[in-house]
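>>> everything below, folded, please.
(chains A and B)
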Protein chains: 2
Amino acid sequence: MHKQLETYLTDTKQLVEDALRKAIPADWRIPGRLREAAEYSLHAGGKRLRPVFVLAAAESVSGSAKAAERAMPFAVAVEMVHTYSLIHDDLPAMDNDDFRRGRPTNHKVFGEALAILAGDGLLTHAFYAASRAADLGVPPERTLAVLAELAMYAGLPGMVGGQTEDMQGEQGITTLDQLESIHLHKTADLISFSLRAGGHAAEASDDELAALGLFGRNVGLAFQIQDDILDLTGDEAKLGKPVKSDEKQAKVTYPYLIGLEESRLRVARLTEEAKEAVSGLAAPSRLIAIADYMMSRDH
Amino acid sequence: MHKQLETYLTDTKQLVEDALRKAIPADWRIPGRLREAAEYSLHAGGKRLRPVFVLAAAESVSGSAKAAERAMPFAVAVEMVHTYSLIHDDLPAMDNDDFRRGRPTNHKVFGEALAILAGDGLLTHAFYAASRAADLGVPPERTLAVLAELAMYAGLPGMVGGQTEDMQGEQGITTLDQLESIHLHKTADLISFSLRAGGHAAEASDDELAALGLFGRNVGLAFQIQDDILDLTGDEAKLGKPVKSDEKQAKVTYPYLIGLEESRLRVARLTEEAKEAVSGLAAPSRLIAIADYMMSRDH
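Purely as a prediction, here's the structure:
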């Protein structure tokens, strides 16, 4: 990775971690175990990719770091939504996973009831967290638009719909359209939202928002295909998880449906289209660098 | 019940039912079973008490039905949040209930995974639904304030926190303070929100909002105590559910902790305080009539 991008990602991730630590007010009366359960998953690390996209998108439209500061509440919100979705997806009734990022999953530590409630609480709190953008100078109409978009992209026609398709798909996906629809909704929608939310913080025009949304869609889809490829060809040590798990679970993936070479071509094409989409923004270089990095990542 | 109030409640409930039927846009692409699961619970009837409070509160501040029209998106939102909470509370990992309002619970019909997802989807969509108030003329700052309050009253320090206390309390509530805290957060918070949301739609002052919030808190708490009383003394035919279920489940209730007579006194006192709180509003008569009706209800 380019040194400058590496520094940016490290620094931005740190800013996001700091904001996440303050996101659930310390003086709010919340049952102790509920707060613990919510924070256990919220502070479990990870790439913080979605928040980084929020902040980078704000900067790409305005060309200034000021807009990224105002966008932080949206960055916090999207990470909360992502975290809730992981907690609920891991539940016994869903994917029934015991480990995530090398640690026991939320319900393994806190029990199913608290895991459901912690997820519900984080999802709900995301809207509170996002609403704080108005205190940092994002116009109320823009802040409201972001909350409405969060509800759409994360909700019934978005991420929740995608997770539903994924659960149902376990009974047999056969076409690329089905697989793409799952990834679009389960993953790409929340990434599109992240980009658009950053744009709103920088008071982007409709055209700019559409460009950011398209960037998010394509990068989100490429990210999923890349995950499938790494599961087949990656290095366990770098990935920090066992490879070939998809094969073992008989999961239908891009390489399974269209082959490894065509999957790689698709990642490259989606990445090019993403970069092209944002090329007209005031300061697209950061987004372009992230897209290139994501395409060539090995973990 | 007074004839005029009865007509109001019937008519208003019908308006809410109509709005709920349109609340999830028909042309949104949502997986069929997910939509079915969400609508199964959303259209299951019930008193629609919270939406009625939203609309009545708007009218009490402005004295006009116009404000109530603008408040409908908040009414829809609060019923969605209430519905999601019922779906998740009924889950096997939570209260493990097989029936609600005489019908099989959501997870009994659709399975646990879909019930979790339908709940998540309804919770998320509530914020979208509420955001639509801005299209009806509620100022964006007000609409945004309502969304932020929904996230607080329904979230970690509110309803989700209350449900957590309730789950934990099954290991032994011993004091009235514990019981009151559960009811305040599990039930009264969302009712307080309903009243304040209606107030915001009518552009209420901070004092008016505080009065409405206090009304909601007291009526919400009285409602729970009345539920406990009716479970002991009510008529199964009128209630539509078996009585004395609390005793059978060894549930700690107000009558159990402080006796039936003191519980009745408490309902009366909370109701009086609620009515007193809103007496200075422009048109409080509807709210006062509802409070009186709720205190004397037999189902």
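
>>> show me where the stretch 101-250 of chain A has strands.
Secondary structure of the stretch 101-250 of chain A, counting by DSSP state E, counting those that start in this stretch: strands at A:103-104.

>>> tell me where it has helices.
A:106-110, A:112-131, A:140-154, A:159-169, A:176-183, A:189-201, A:206-233, A:236-239, A:245-248 (DSSP state H, counting those that start in this stretch).

>>> deepest-packed of those helices, please.
Sort those by mean neighbour count, taking mean count of other C-beta atoms under 10 Å in any protein chain shown, and helix A:189-201 sits at the top with a mean of 30. Every residue, glycine included, has its C-beta placed from N, CA and C.

>>> now that helix - C-alpha only, CSV.
Extracted C-alpha coordinates of helix A:189-201, given in CSV (Å, rounded to 0.1, in the frame of the first residue of the first chain):
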residue,chain,number,x,y,z
ASP,A,189,-26.2,-0.8,0.1
LEU,A,190,-24.6,0.2,3.4
ILE,A,191,-21.4,1.2,1.6
SER,A,192,-23.4,3.3,-0.9
PHE,A,193,-25.1,4.9,2.1
SER,A,194,-21.7,5.7,3.7
LEU,A,195,-20.5,7.5,0.6
ARG,A,196,-23.7,9.4,0.2
ALA,A,197,-23.8,10.4,3.9
GLY,A,198,-20.3,11.9,3.6
GLY,A,199,-21.5,13.7,0.5
HIS,A,200,-24.5,15.2,2.3
ALA,A,201,-22.2,16.4,5.1
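
>>> and stretch A:85-94, does that touch chain B?
Yes: counting by C-beta under 8 Å from any C-beta of the partner chain, chain B is contacted by stretch A:85-94 at A:His88, A:Leu91, A:Ala93, A:Met94.

>>> these in helices, which ones?
A:His88 (DSSP state H).

>>> mean pLDDT for the helices of the stretch 101-250 of chain A - can I get that in a markdown table?
Shown next, in a markdown table, are those (pLDDT from 0 to 100):
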| stretch | mean pLDDT |
| --- | --- |
| helix A:106-110 | 98 |
| helix A:112-131 | 98 |
| helix A:140-154 | 98 |
| helix A:159-169 | 93 |
| helix A:176-183 | 92 |
| helix A:189-201 | 98 |
| helix A:206-233 | 96 |
| helix A:236-239 | 74 |
| helix A:245-248 | 76 |
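
>>> need those in CSV (columns: distance to chain B).
Below are those laid out as CSV (distance: least, C-beta to the nearest C-beta, whole Å):
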stretch, distance to chain B
helix A:106-110, 8
helix A:112-131, 4
helix A:140-154, 4
helix A:159-169, 4
helix A:176-183, 9
helix A:189-201, 11
helix A:206-233, 15
helix A:236-239, 27
helix A:245-248, 20
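
>>> of all the ones you listed, which lies closest to B:Leu176?
Nearest to B:Leu176, of all these, is helix A:112-131, at 23.9 Å by C-beta to C-beta.

>>> mind listing what A:Thr187 touches?
Listed by C-beta atoms under 8 Å, 6 or more residues apart in numbering or on different chains, the contact set of A:Thr187 reads A:Gly162, A:Gly220, A:Leu221, A:Phe223, A:Gln224.

>>> which of those residues sits closest to B:Arg269?
A:Gly162 (50.2 Å).

>>> pretty sure that closest one sits against A:Leu190.
No: counting by C-beta atoms under 8 Å, A:Gly162 sits too far from A:Leu190 to count as a contact (9.0 Å).

>>> and the residues of stretch A:85-94 next to chain B, which two are furthest apart?
A:His88 and A:Ala93, at 9.2 Å, using C-beta to C-beta across the residues of stretch A:85-94 next to chain B.

>>> neighbour-wise, which of these two wins?
A:His88 (27 against 21; other C-beta atoms under 10 Å in any protein chain shown).

>>> you'd agree that one is up against A:Met94?
Yes: between A:His88 and A:Met94 there is a contact under C-beta under 8 Å: 6.4 Å.

>>> joint contacts of the two?
With C-beta under 8 Å, 6+ apart, A:His88 and A:Met94 have common neighbours A:Gln163, B:Ile116.

>>> what do A:His88 and A:Ala93 both touch?
By the contact definition C-beta under 8 Å, 6+ apart, A:His88 and A:Ala93 are jointly contacted by B:Ile116.

>>> next, count neighbours for A:Gly280.
A:Gly280 has 10 neighbours, counted by other C-beta under 10 Å.

>>> how about it, what does it touch?
Listed by C-beta under 8 Å, 6+ apart, the contact set of A:Gly280 reads A:Ala211.

>>> phi, psi of it?
For A:Gly280, the backbone dihedrals (degrees, to the nearest 10) come out as phi -90, psi 0.

>>> from the contacts of A:Thr187, which is closest to B:Thr233?
Distances from B:Thr233 to the contacts of A:Thr187, taken by C-beta to C-beta, are shortest for A:Gly162, at 49.1 Å.

>>> and that closest one, what does it touch?
Residues near A:Gly162 by C-beta under 8 Å, 6+ apart: A:Ser181, A:Ile182, A:His183, A:Leu184, A:His185, A:Lys186, A:Thr187, A:Asp189.

>>> how much space between the fourth one and A:Asp246?
For A:Leu184, the distance to A:Asp246 under the criterion C-beta to C-beta, to the nearest Å works out to 19 Å.

>>> please apply the same query to the second one.
Applying C-beta to C-beta, the value for A:Ile182 to A:Asp246 is 14 Å.

>>> same question, the first one
Applying C-beta to C-beta, the value for A:Ser181 to A:Asp246 is 18 Å.

>>> next: the last one.
Going from A:Asp189 to A:Asp246 by C-beta to C-beta gives 22 Å.

>>> now swap in the third one and tell me
According to C-beta to C-beta, A:His183 and A:Asp246 sit 13 Å apart.

>>> what of the fifth one?
According to C-beta to C-beta, A:His185 and A:Asp246 sit 19 Å apart.

>>> same check on A:Asp97?
From A:Asp97 over to A:Asp246 (counting by C-beta to C-beta), the distance is 14 Å.

>>> then A:Ala118?
28 Å.

>>> report the central residue of chain A.
A:Arg50 (4.1 Å; C-alpha atoms, centre = their mean).

>>> quick check, that residue in a strand?
No: using DSSP: H, G, I helix; E, B strand; the rest coil, the secondary structure at A:Arg50 is helix, not a strand.
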